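Enquirer: sharing a model prediction with you, sequence too.
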Amino acid sequence: MNAVLQYTVQGLAAGSFYALAALGLAVIFGVLGVVNFAHGAFYMLGAVAAAVLLDTVGMSLWLALIVVPVLMLVFGMLVERLLVRWLLPLDPLYNLLLTFGLTLLLVDLVKRRYGVSGLPYDRPDALDGRVQVAGIGLPVYQLFVIGVALLVCLGVWLLMTRTRVGMIVRAATERPELAGALGINVGRWVTPVFGFGVALAGLAGVLAAPFRAITAEMGSDFIIILFAVVVIGGLGSIVGAVVGGFLVGLVEAFGQAYAPTFAQVLIFVLMAVVVLARPAGLFGREEATA
Amino acid sequence: MNKPRNARAAALIAGLTAGALVTAACGAGGPSASGGDFTDDKVVLALLNDASGVYKDVSGPNSKIAIQMAIDDYKEKYGDEAVVDDIEVTSADHQNEPDIANTKAQELYDREGADIILDVPTSSAALAVATQAKNKKKLYMNIGAGTTELTGAQCNKYTFHYAYDTWMLANGTGTVVTEEGDKNWQLIYPDYAFGQDMVKSFTGAIEAGGGKVGGTIATPFPNDNFATYITKAGAAKPQVIGTMHAGGDLINLVKQYNESGLKDQGISLAVGLMFISDIHSLGVEAFEGTIFTDAWYWNFDDKSREWADRYMEETGDRPTYAHAGNYSAALQYLEAVQAAGTDDADKVVEELEGKKVDDMFLRNGEIRAEDHRVIHDVYLARVKGPADVEEDWDYEEIIKTIPAEKAFRPAAESGCSM
């Protein structure tokens, strides 16, 4: 029982990174129709930025959690304006290739500048240690990660359902032609939405910094799992991305615990089963894909 | 925007991308002949290693500088007496892929006139190059790879193995830690050739020291989430958890081990393979108290330190034992060329075999004739706490010297026949 609780927390903590990043991937896909292959690289940049800011100006994790996503938002908007935008009218394959190329470029630039061994990162003392729950010590940091992820996901959900901006974005996601026909300027929202998605990947990276090896390659495997997450949740579905993220985190943790050799395969087995049973993913709309 | 079609295409692309990341290829080599005193009137040393990937900081391009230092030292030592004036160093990136290593080795030997290939980390790539060395009858000194196969079943006349191997790591860390009282082990390892080889070696060493391996846990490679594996290993209440991971995976694992609280419960961490560059990147705090086997340490004594100072002037960093090993291998090769008066591989091998050597890297060294294992003293090291670090890169406390003849697998057990 103790072990099950520990595995659950570990699974949800890993799932938090997936959920946040997948959320970014989902909004970008929803509004732009772009499969952003560079999302793993943006996650990596978030972690590297946190480490570099700590090393050079002593910026703590608390501040980095706000500053880095803002920087990534600006960076994402620039990427959209300068690169992604030009390929939007073409087949989505072009932007997949563009973002794939961007990944290679970003990874190599980081390698060139910061080497391959990784960067050190110290988190604030307040997040060290463990809290006792039902007689077992759970790491404070993992609980913190889960808390932040849930808050952000809730915030995004409120933004999408309770605000005018959210309504426009959802309308643009679900019925772009109709939204346009009703006089909503969908194009206006493309740049900020892309930046916002990138910022979410950056935020996941900052949260991962104290917990994961900060290397240029850290996003390379992450993006593969992330694709599995969005396929499971339903491409473009915001709820699906979050549920899929946490679900994959849990599958990974319990897989590691009870079938270590198959831990990673299980994620893709889950993906295959979901695709067979519900081709549009758990929360995808059938009519959108069929 | 045609949404429905795009969505389906994108979903398909994402799914396919997620699934397909495997490549495989194969190459073959043929023999070639060499003769005369010096082919092309020069000696070419070729560095073949990972110039851009995970092992770049462990050895990488900086080993080329180390080899150049060996060439300079050779020229300075012999001056006009040197049997050859024109000595070049060239390098290639094998990206840790055996098939690329195989192709590059042929290119280096055939087209670039390499007389010797040095380094070659990643065991599978290392073995591919050994085959080429055998086919082409050209020298090959491996520094960067861990597999004992190079001096075991797959040994050959032209292949020498420097610095370390899995037997030496397991014997150092496994035996000594067990003998000092931590008898109950759990092993976590990456599920590929190196990890499996390490687990076999460690289990043997731990049992020989009177300990036992309570369980082994295989993890995917590469992997970034080890939290549950560590919890599982800790649940068995061992005295020590041994990890066979390297590079970024090791850093992930150490971060998550520190997170797990096992340290406070008295469950310590022993690392199978670690380089000083790993400690440098993550900081001593994260690794404090970790025990590992080191083939050489830059701050060991005046002789090693003097060389490390020169190296630092050139590169700005302190050397790992792979850098120092590349220097020593290049130097000993050139000494053998000097003695043989030719770059003819067979004659140089004759000079090398059985030679007893002492340089800044090899202490009580011997180039064993039976299996071409280069043996030397190795060290059991403990990572210092932040308070004990006196300067940058001053991270290790040497707690034990393991004498050369005990540090490596006895030649009789190697299974090598040339």
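Expert: Good, I have the coordinates. If you're wondering where the values come from, they're calculated on a predicted model, not measured in any experiment.

Enquirer: return the residues in contact with B:Q154.
Expert: B:127, B:130-131 (C-beta atoms under 8 Å, 6 or more residues apart in numbering or on different chains). Using the backbone N, CA and C atoms, a C-beta is placed for each residue, glycine as well.

Enquirer: ok, 6 Å please
Expert: B:Q154 makes contact with B:L127 under the criterion C-beta atoms under 6 Å, 6 or more residues apart in numbering or on different chains.

Enquirer: again with A:G137
Expert: A:130, B:261.

Enquirer: give me the element it is part of.
Expert: Using DSSP states H and E, A:G137 sits in strand A:136-139.

Enquirer: that strand: which residues count as buried?
Expert: The neighbour-count check on strand A:136-139 (16 or more other C-beta atoms under 10 Å in any protein chain shown) flags A:137-139 as buried.

Enquirer: that strand pairs with which strands, parallel or anti?
Expert: When sheet partners are counted by DSSP bridges, strand A:136-139 sits next to strand A:130-133 (antiparallel).

Enquirer: and the stretch 51-200 of chain A, which of its residues are near chain B?
Expert: By C-beta under 6 Å from any C-beta of the partner chain, the residues of the stretch 51-200 of chain A that approach chain B are A:92, A:96, A:115-118, A:120, A:130, A:137, A:139, A:176.

Enquirer: can you tell me which two in those residues are farthest apart?
Expert: Within these, A:G137 and A:P176 form the most distant pair, 49.6 Å apart (C-beta to C-beta).

Enquirer: break chain B down into its structural domains.
Expert: B:39-164+B:301-378, B:167-299+B:380-400 (automatic domain parsing).

Enquirer: now do the helices in the stretch 51-200 of chain B.
Expert: With helices called from DSSP state H, counting those that start in this stretch, the stretch 51-200 of chain B shows them at B:62-78, B:98-110, B:123-136, B:166-169, B:176-179, B:193-208.

Enquirer: most tightly surrounded among the ones you listed?
Expert: Comparing the helices of the stretch 51-200 of chain B on average neighbours per residue, with mean count of other C-beta atoms under 10 Å in any protein chain shown, the densest one is helix B:166-169 at a mean of 26.

Enquirer: contact partners of that one?
Expert: B:146, B:148, B:197-198, B:201, B:272-273, B:293, B:407-409.

Enquirer: ok, now with 7 Å
Expert: B:146-148, B:197-198, B:201, B:272-273, B:293, B:378, B:407-409 (C-beta atoms under 7 Å, 6 or more residues apart in numbering or on different chains).

Enquirer: just give me how far it sits from the chain centre.
Expert: 11 Å (C-alpha atoms, centre = their mean, to the nearest Å).

Enquirer: B:L187 versus B:A381, what's the distance?
Expert: Counting by C-beta to C-beta, to the nearest Å, the separation of B:A381 from B:L187 is 20 Å.

Enquirer: ok, B:H94 next?
Expert: In terms of C-beta to C-beta, B:H94 sits 29 Å off from B:L187.

Enquirer: mean pLDDT per helix and strand in chain B: which one sits at the bottom?
Expert: Within chain B, judged by mean pLDDT, DSSP states H and E, the helix or strand with the poorest mean is helix B:3-19; its value is a mean of 54.

Enquirer: off-centre distance for the next helix-or-strand element following that one?
Expert: Where DSSP H and E defines the elements, the next helix or strand beyond helix B:3-19 is strand B:43-49. In terms of C-alpha atoms, centre = their mean, the centre of strand B:43-49 is found 17 Å from the chain centre.

Enquirer: and the residue of the stretch 51-200 of chain A found nearest chain B, which of the three is it?
Expert: Residue of the stretch 51-200 of chain A nearest chain B, by C-beta to the nearest C-beta: A:S117 (3.6 Å). Secondary structure state of A:S117, per DSSP: H, G, I helix; E, B strand; the rest coil, is coil.

Enquirer: show me where pLDDT drops low in chain B?
Expert: B:1-36 (pLDDT under 70).

Enquirer: contact partners for the one residue sitting closest to the centre of it?
Expert: Against the mean C-alpha coordinate of chain B, by C-alpha atoms, centre = their mean, the closest residue is B:G144 at 3.0 Å. Contact analysis of B:G144 by C-beta under 7 Å, 6+ apart lists B:49, B:55, B:59, B:119-121, B:322.

Enquirer: of all the helices of the stretch 51-200 of chain B, which one is nearest A:V231?
Expert: Using C-beta to C-beta, the nearest of those to A:V231 is helix B:193-208, at 29.9 Å.

Enquirer: what about the closest one, near chain A?
Expert: No. On the criterion C-beta under 7 Å from any C-beta of the partner chain, helix B:193-208 is out of touch with chain A, staying 12.2 Å away.

Enquirer: send me the longest helix belonging to chain B as PDB with only the CA atoms.
Expert: Scanning chain B for the helix with the most residues, using DSSP state H, yields helix B:321-340. In PDB, the C-alpha atoms belonging to helix B:321-340 read as follows (Å, rounded to 0.1, in the frame of the first residue of the first chain):
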ATOM      1  CA  TYR B 321      41.200   9.700 -17.300                       C
ATOM      2  CA  ALA B 322      40.100   9.100 -21.000                       C
ATOM      3  CA  HIS B 323      42.100  12.300 -22.000                       C
ATOM      4  CA  ALA B 324      45.100  11.100 -19.900                       C
ATOM      5  CA  GLY B 325      44.800   7.600 -21.300                       C
ATOM      6  CA  ASN B 326      44.800   8.900 -24.900                       C
ATOM      7  CA  TYR B 327      48.000  10.800 -24.100                       C
ATOM      8  CA  SER B 328      49.600   7.800 -22.600                       C
ATOM      9  CA  ALA B 329      48.600   5.500 -25.400                       C
ATOM     10  CA  ALA B 330      49.900   7.800 -28.100                       C
ATOM     11  CA  LEU B 331      53.100   8.300 -26.200                       C
ATOM     12  CA  GLN B 332      53.700   4.600 -25.700                       C
ATOM     13  CA  TYR B 333      52.900   3.900 -29.300                       C
ATOM     14  CA  LEU B 334      55.500   6.500 -30.400                       C
ATOM     15  CA  GLU B 335      58.000   5.100 -28.000                       C
ATOM     16  CA  ALA B 336      57.500   1.700 -29.600                       C
ATOM     17  CA  VAL B 337      57.800   3.100 -33.100                       C
ATOM     18  CA  GLN B 338      61.100   4.700 -32.000                       C
ATOM     19  CA  ALA B 339      62.300   1.400 -30.600                       C
ATOM     20  CA  ALA B 340      61.200  -0.500 -33.700                       C
END
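
Enquirer: show me what whichever helix or strand comes after it packs onto, helices and strands only.
Expert: Sequence-wise, the next helix or strand downstream of helix B:321-340 (DSSP H and E) is helix B:345-352. For helix B:345-352, the packing partners by 3 or more C-beta pairs under 7 Å, 6 or more residues apart in numbering or on different chains; DSSP states H and E come out as helix B:321-340.
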